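A.B. asks: Generate coordinates for the sequence data below:
(2 chains)
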Amino acid sequence: MRLLSRSSLRYLQRHPGQIFLSIIGVAVGVAAITGIDLAIQSAGRGFQISAEQVTGRATHRITGAGNTIPQQTYTALRTRIDVKHSAPVVEGMVAAPGYNRSLRLFGVDPFVEPPFRPYLRGDETLNPQLLKSFMLESNSGILSAQTASEMGLQPGDTLRIRTHGKYKQVRIIGILDPQSQAYSDLLKNMILMDISTAQHLLEMSGRLSRIDLILPEDANGARLMKRIQKILPSSARVEKAGTGTGIMKELVRGFNTNLTAVSFLALIVGLFLIYNTMTFSVLQRRRQLGRLKALGVTPREIFTLILSEALVIGVAGTLIGGAGGIILGRQLLGLVTRTINDLYFTLHVTQFHLPVTTFLKGLGLGIGGTVLTAFFPAREATRSSPRIALMRSGIESRTIRRTPQMAGAGLVLMAGGITLLLVPVDYIYIGYLGMLGVIFGFALVIPILIRILVHFLRPLAGKTMKLLGKISLQSIVTQLSRTAVAIAALTVAISATIAVSSSIDSFRQTVIQWLDTTLRADVYISPQGMISRRNYTPMDNTVLNIVRNTPGVTNITTTKYFRERVSGHQVDIGAVDLGAEGYRRYRFKSGDPDAFWPAFRDSALALISEPYAYHYNVERGDTLFLPTAQGALPFPVAGVYYDYSTDVGTVLLSRGTYERYWSAEGITGIGLDAAEDYSADTLINTLRKRLGEREGLSIRSNQTLHQASMNIFDRTFTITTVLQILTVLVALIGVLSALMALQLERTKEIGVLRALGFTPSQIRTAVILQTGFMGGIAGLLALPLGSGLSLVLLQVINKRSFGWSLQLHLSWESLGVAMLLSIITASIAGIYPAIKMAGQPLARSLREE
Amino acid sequence: MITLRKIVKHYREGDHRHNVLEDLDLRVESGEIVVVLGKSGSGKSTLLNIISGIDTATSGDVRIGETRLTSLTERERTLFRRKHIGFVFQFFNLVPTLTVTENLLLPMELNASTISSGFREQVSHYLNEVGLGDRGNSYPDRLSGGEQQRVAIARSIIHDPDLVLADEPTGNLDYETGKQVMELLDRMVRDHGKTLVMATHSPEVIGLADRIYRLKGGKLVPESGPEQ
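C.D. replies: I've put the predicted structure just below:
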């Protein structure tokens, strides 16, 4: 076996270009998967840190409806129950406009804090002098050394913050510089305050955000829990702490699933590439393998030989890909964080996290995938008889003969894949498996489709491009064993491109239509955030009155959104005051708005968004139990409406119902129309003047908001586009490798043509024509597969990720671009072999055997 | 008429210079059949490659008719070869992606500005002449070695070249088939009035040649033949 290995090693050495491209192909595939995973994991780690900022070492916490609880609850807890460790917390996000960043304002009682957040212990960081100022000085706060240094602030400086649409000054009285990096991370972007200062700044007088508890994990703890529950108001509840990462996972589940689906496509293309390379390496050495068999090398030894070569490619590609994944992951992390900020919640990620599991995943997919895909060519190498292995024509005729059986197997595989896709389960991996079945099944049908297409195209090519056209096209069928693999790889890659771009395009079209329906007011007013997602910060109470009294303003509508836990899920609750015709702003998936709208305005009815209905399996007619100020109360679901603003499930109530059951105020958005004789722009200017002192408000026209929403949409898909480019890159490398190997195999044939009088330029044309034809065929075949995959991405992957109904929107332009991309990619891949073939010494080509 | 004067051909293998042809002279008259004998590696193929312009000599002069091949660019040599030279190779070298008919059409279409309907009739005629009238639609890998070489012979003269070069045309065939192929080549070349230069190491072809040379030490040494 030593000589066999040496022969194998020399083969790899003699085909450095081909092997290099294969390794790079595997590397790009692994880098895409690893990079995405690292970015997601780092974002997750970032969230975990901010969750720890919030939770500290608390085992439980008490929260209330609308995310606040009365301060008396804490007093009752301290006086009526002997809870050893309890700590009140008031917190909220504030903007630091001059620094273009948002900070977590964290109000605590320093006397009860140490068991919860050790970094606030006196011996750790908070010295007695600082503690005194912290408690006595109004509007004072403490920053971590790292945050202060980044913002260029020192003790004694004043920081301007914006909250509830108002600007306020905070004096920095101290800097915390914990020794531990973990504590330093926890304090990042946090401004620490005494609880009463925080209540004042966040306008939460007499209210707390929550109460943290440390309860023993024994029977005593359980007894305490029961006693606590008894004294809590009906709007409050005790829950286990540390569910922060769970919430994050729940909120961004759809986003992560979708990214994984796209990187999965890149991997499939990568696997095709490996299959391609190994098939070529077997075919190229058919003579050598035949001779070895004739000499008595066993099929098992040949099988091991081929798999060992694949292993070398897999290991090298995976190692390079792993390193590339780290670089890519760092870049993607910014995009992932921005999207999470845009769509879900404020997230600061300070550290790039490198979990071992991600690398193990990359190793498994890179090396495992390589060996798995090499299995089929390796088995093929062992099966053919030594005589057949020596005959090229034998391989080709057998390939052609087998095309109907392959097509049959492919159709069965596709049917299996489609069946899996139709299984109505919310388990996304079944969807991936189904997608894999469809792709591989279609790849098996490709050889027979190539034969049919060439049969019909050949006369046309002969007429238009004469001899060169005919030779170039016919050679695709006469070398089907190789061309089919290359065309399949390109078809899959182009299909992936069509699928991703069409699904984004369809999504975009749906969102545009939805925005046209939803954004009906002329002008929108909302608190200006550092981030663009749905805003939860209420506006100054006087804003609405000023707007009402502004001349030219009619049809005022208001909204208020807040995040709540409903039936164990983190969802948004929206309170809307939309007027009699307000339902026109919504498109309903189920329910008759004419029938329920009057009742909705006055009674305890709820509307739910489509993602809510999908993810939590709730339908019209079901009843939701919402955590109101009077405890959990039943709200029948009157209808399901389409909502593409977020995939976080949303429950909509009328403003009247909200005020009645939550006893709360505040609005997070105002919509208004301009009266006759007033233009929206005039009204915006007037409102800006009248609301001038409240600089923190964003006053935008319908058009501007529409544009801003689309900008967020496009930003969200930047990362998908990056992955799409990576997929095309993998494909390009794969096809380049396949076509180069294919053309280099034609050395002798091309030598004969040169000897017969073909000029070098004709040879170049013939080679590029052939690769161009292959690109054309791949492009044609990619149209149905790509359209099918678009449908899968939209109706299965996206639906199961986000819960949105999206209509497939395939434009002729995008299909035309994909076709062109296929032809150009393949033609580019033909350039190097064309130059090499046309330029190589003719005498040597004729000697090649 | 072909004239080769003081042809020298060297190859470099690392630091070592391998001399293949040394001051080789040759003159072949139109319509002659010249056979070049020699052991494997003696430089026969290199000599044919230099005559056809596939390869270039290190020094020396090659003339075919009035054309000085050594002064032409590669493109000009290709265009000259396309029109004036036909080839028969040891391994047949038919284009595997074309049918037998298309392989014969290839030299004609290459030389014609427009494709004439008469081409197919001509192909059919030549195929009948080599005894393969019924195999026009077959691909080369469906034919036996002897059949493929017969197609190659037809292809070498179908476009009416002045010169046919044959490099070991029987080297890959059994004795009986080789003999049949040689007889066919001889007949076709003489019937169509072509000049033939053939490289071989089989002494059986001696009876067909007008003149015979042996390539030895990079030079051509005349051997006793039918007219020598």
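
A.B. asks: Number of residues surrounding B:Thr58?
C.D. replies: B:Thr58 is flanked by 14 other residues according to other CB atoms under 10 Å in any protein chain shown. The way it works is simple: take the backbone N, C-alpha and C, and place the C-beta from them, glycine included.

A.B. asks: Please apply the same query to B:Gly31.
C.D. replies: Per other CB under 10 Å, the neighbour tally for B:Gly31 reads 14.

A.B. asks: And the contacts of stretch A:77-90?
C.D. replies: A:54, A:58, A:62, A:71, A:74, A:106-109, A:112-113, A:115-116, A:195, A:198-199, A:202, A:204, A:207-215, A:224, A:227-228, A:231 (CB atoms under 8 Å, 6 or more residues apart in numbering or on different chains).

A.B. asks: and with 7 Å instead?
C.D. replies: Outside stretch A:77-90, the residues that touch it by CB atoms under 7 Å, 6 or more residues apart in numbering or on different chains are A:74, A:107-109, A:112-113, A:115-116, A:195, A:198-199, A:202, A:204, A:208-214, A:224, A:227-228, A:231.

A.B. asks: Check stretch B:153-163 too.
C.D. replies: B:2, B:64-65, B:84-88, B:103-104, B:107-108, B:111, B:122, B:126-127, B:129-130, B:164, B:184-185, B:188, B:192, B:194-195, B:197.

A.B. asks: Likewise for stretch A:25-38?
C.D. replies: With CB under 7 Å, 6+ apart, stretch A:25-38 has contacts from A:259-260, A:263, A:266-267, A:270, A:273-274, A:313-314, A:317-318, A:320-322, A:324-326, A:328-329, A:332, A:354, A:358, A:361-362, A:365-366, A:370, A:723, A:726, A:729-730, A:733-734, A:737.

A.B. asks: May I have it as PDB, with CA atoms only?
C.D. replies: What follows is stretch A:25-38, C-alpha atoms only, in PDB (Å, rounded to 0.1, in the frame of the first residue of the first chain):
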ATOM      1  CA  GLY A  25     -13.800  25.500  -2.700                       C
ATOM      2  CA  VAL A  26     -14.100  23.400   0.500                       C
ATOM      3  CA  ALA A  27     -12.500  26.300   2.400                       C
ATOM      4  CA  VAL A  28     -15.000  28.900   1.200                       C
ATOM      5  CA  GLY A  29     -17.900  26.500   2.000                       C
ATOM      6  CA  VAL A  30     -16.600  25.900   5.500                       C
ATOM      7  CA  ALA A  31     -15.700  29.500   6.000                       C
ATOM      8  CA  ALA A  32     -19.300  30.500   5.100                       C
ATOM      9  CA  ILE A  33     -20.800  28.100   7.600                       C
ATOM     10  CA  THR A  34     -18.200  28.800  10.300                       C
ATOM     11  CA  GLY A  35     -18.300  32.500   9.800                       C
ATOM     12  CA  ILE A  36     -22.100  32.700  10.100                       C
ATOM     13  CA  ASP A  37     -22.100  30.400  13.100                       C
ATOM     14  CA  LEU A  38     -19.400  32.400  14.900                       C
END
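
A.B. asks: quick one, helices of chain B?
C.D. replies: B:44-52, B:74-84, B:100-111, B:118-129, B:145-157, B:175-191 (DSSP state H).

A.B. asks: Now render the ones you listed as a markdown table, adding mean neighbour count and mean pLDDT.
C.D. replies: Formatted as a markdown table, these follow (neighbours: other CB atoms under 10 Å in any protein chain shown; pLDDT from 0 to 100):
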| stretch | mean neighbour count | mean pLDDT |
| --- | --- | --- |
| helix B:44-52 | 25 | 91 |
| helix B:74-84 | 19 | 86 |
| helix B:100-111 | 22 | 84 |
| helix B:118-129 | 16 | 89 |
| helix B:145-157 | 24 | 89 |
| helix B:175-191 | 17 | 84 |
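
A.B. asks: All set, thanks.
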